[in-house]
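**Student:** what would the 3D arrangement of this be:
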Amino acid sequence: MDRENFNVVTRTHGEVLKDKYGEIHADVLYQDEWVREAHLRDDLDICRTYAISFLCPLEGEEILAIDKKIRAGNMIGAAFKEEGEGENKWEIRKNVQAVEVMVIPDWLQDEMDLKVSEGKARYSEFYAKKEGMAPVLYATVLELYSPDFRTADSIDQTDLDQVAAPTDSLIDQGFTMEEIWGRIAEGWDDVKERLSVAQQDGQTELHVYRQQVADMMARPHPKKMFRKEGPSRP
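**Tutor:** Residues are numbered from 1 along each chain as shown. As a prediction, this is how the structure comes out:
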């Protein structure tokens, strides 16, 4: 079983995938004002992560420029990290909402080049921040990993310990965006009671996201007809 911990700070998911599979790109299947559905594919055109992003309202010239690049097909984390230099660069963090096992439908098994019916999934809020600016909540993201990357039975206590609560529920418990940003890296051990209340309150929001994900995954998805030659990576 794969026990590598999920990186909630600094590194993008694309960077972690690249360590194992080489170059990774986003293949956007659907995008509107509020939702983006994509495969993260390697150089063999195999899906290594299936992702649905529920996008947040944004404002500000700089953040809207990054959003434009993402809507043009760039990966979310890479689009932020490529902007700015030195102290002016963006940092990213992920506020985990849930880690669970999901069914992988037949069409997605084909895209992942595996016949495995269950996979490890994670819901998390994607945060970005740069020096002198308030944290930006860009999206809530569902990632369903290829079992070649993370098996369904690889969920461990560290995964569960990283689970926090939706931002709106945390704000209702008196946390600011700056505090949430800091605690993603530093932990919630000294505020467990408030966190627990926020987690309970956040279940309704998480249920809505789960239903939207189920509806999107149940839609017909055309089978990809062409894939680059070469064996699946080990």
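**Student:** can you list phi and psi of the residue sitting nearest the centre point of the chain for me?
**Tutor:** The centre of the chain sits closest to V141, judged by CA atoms, centre = their mean, with a distance of 4.1 Å. Dihedral pair for V141: phi -120, psi 130, per degrees, to the nearest 10.
**Student:** nearest residue to it in space, please, no chain neighbours.
**Tutor:** S53 (4.8 Å; CB to CB, 6 or more residues apart in numbering). Quick note: C-beta positions are derived from backbone N, CA and C, even for glycine.
**Student:** ok so, going back, so the residue nearest to the centre of the chain touches A51, yeah?
**Tutor:** Yes. The pair V141 and A51 qualifies as a contact (CB atoms under 8 Å) at a distance of 6.0 Å.
**Student:** what residues of the longest helix along the chain count as buried?
**Tutor:** Across the chain, the helix with the greatest residue count (assigned by DSSP state H) is helix 203-218. Of the residues in helix 203-218, those buried under the neighbour-count criterion (16 or more other CB atoms under 10 Å) are E205, L206, Y209, R210, V213, M217.
**Student:** which other residues reach that helix?
**Tutor:** By CB atoms under 8 Å, 6 or more residues apart in numbering, the residues outside helix 203-218 that reach it are 30, 35, 37, 52, 54, 97-98, 105, 108, 123, 140, 142, 166, 168-169.
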